[in-house]
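1. Sequence and predicted structure are below.
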Amino acid sequence: MTNIFDTHSHYADHAFDEDRAAVLAQLPEKGVKYVMLAASDTRDIKENSRLSQEYGYIWSSAGIHPEYAASVEDGYMELIRETIKANPKVKAIGEIGLDYHYEGYDKAKEIQLFTEQLELAKELDMPVIVHSRDASADTLELLKKYRPKGVVHCFSGSAETAADVIKLGMYIGFTGVITFKNAKKAVRALEAVPMDRLVLETDCPYMAPVPFRGTRCDSSLIACTAEKAAEIKGIPVQELIDITCENGKRLYGIE
């Protein structure tokens, strides 16, 4: 397979500390043409920008994940602004959003953090990379209010929620989760997403698809996810990869 676009990855993650350069050097040989790096915290923002400048096929985003809502340091908005201004390969604000999965989350701080970054995205006319887990109602409410362009990544909602996201003009990203045996909800959502709004991602080093589930994921494993998505959509796998690559380029404004 060729022309793969991994629209969401985390190569700044410590899981790649021992062999990051080797992994990134080999990806183009495995059919990976584009990679988007998603940020979680201020360290990621800086490291993503550096990696995108070092590797021609890599692009980056800058944003603060909701799990850091209660601990993000002052000045994060200035860091996002400065990183975007300094590096033209920073193409999105993300990943941002809401996550109510674990006990002890601070809903008010998460919503505040998400809102501030949505407002920045609107100001700068940039797409957002949205994380939403166990928070579909509040996520949709804010997306409907601000109407950003962008993508809801690692989609875990219902087909009905997917339809609401599509109505807002956004894209929807699917990971290796669609290959899992218990992924009926994700499969139904994928069935509902039109081809021109579908993108593929790994969320690596997480979410490795079957038959690699439980191992460290990298962008080359999108091939497994694409095979399953093509089966669901009823089209040849390379055709699906080509379409989702063009969708990813359009999503992030990559020529």
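-> Noted; the coordinates are in hand.
2. contacting residues around residue 48?
-> 12, 37, 38, 39, 60, 61, 62, 90 (CB atoms under 8 Å, 6 or more residues apart in numbering). Yep, even glycine has a C-beta here, placed from its N, CA and C like the rest.
3. gap between it and residue 92?
-> 11 Å (CB to CB, to the nearest Å).
4. Just the buried subset of the contacts of residue 48, please.
-> Buried by 16 or more other CB atoms under 10 Å: 12, 37, 38, 39, 60, 61, 62, 90, out of those.
5. who touches residue 96 in this structure?
-> Residues in contact with residue 96 (CB under 8 Å, 6+ apart) are 63, 64, 65, 66, 113, 114, 117, 118, 128, 129, 130, 131.
6. meant to ask about residue 192, not that
-> Contacts of residue 192 (CB under 8 Å, 6+ apart): 159, 162, 163.
7. the helices in the stretch 51-200 of the chain, which residues?
-> Along the stretch 51-200 of the chain, counting by DSSP state H, counting those that start in this stretch, helices occupy 76-86, 107-124, 136-146, 159-167, 184-192.
8. quick revisit: residue 184: which of the contacts of residue 48 is nearest?
-> The shortest approach to residue 184 among these belongs to residue 38, at 26.2 Å (CB to CB).
9. what's the single longest strand in the protein?
-> strand 90-99 (DSSP state E).
10. Could you list the paired strands of that one along with their orientation?
-> strand 58-61 (parallel), strand 128-133 (parallel) (DSSP bridges).
11. So which of those is nearest residue 216?
-> That would be strand 58-61 among those, by CB to CB, at 18.0 Å.
12. now the closest one: how far from the chain's centre is it?
-> Distance, stretch centre to chain centre, for strand 58-61: 11 Å (CA atoms, centre = their mean, to the nearest Å).
13. What of stretch 73-92?
-> With CA atoms, centre = their mean as the basis, the mean position of stretch 73-92 lies at 17 Å from the chain mean.
14. residues in contact with it?
-> So stretch 73-92 is in contact with 36, 42, 45-46, 48-49, 52-53, 58-64, 93, 116-117, 120, 124, 126-129, 150, 252-254, going by CB under 8 Å, 6+ apart.
15. repeat that for 7 Å
-> 42, 45, 49, 52-53, 59-64, 93, 116, 120, 124, 126-129, 150, 252-254 (CB atoms under 7 Å, 6 or more residues apart in numbering).
16. Could you report the neighbour count for the residue lying closest to residue 128 once chain neighbours are set aside?
-> In space, residue 128 comes closest to residue 150 once its chain neighbours are excluded; the distance is 3.7 Å by CB to CB, 6 or more residues apart in numbering. The local packing of residue 150 (other CB atoms under 10 Å) involves 25 other residues.
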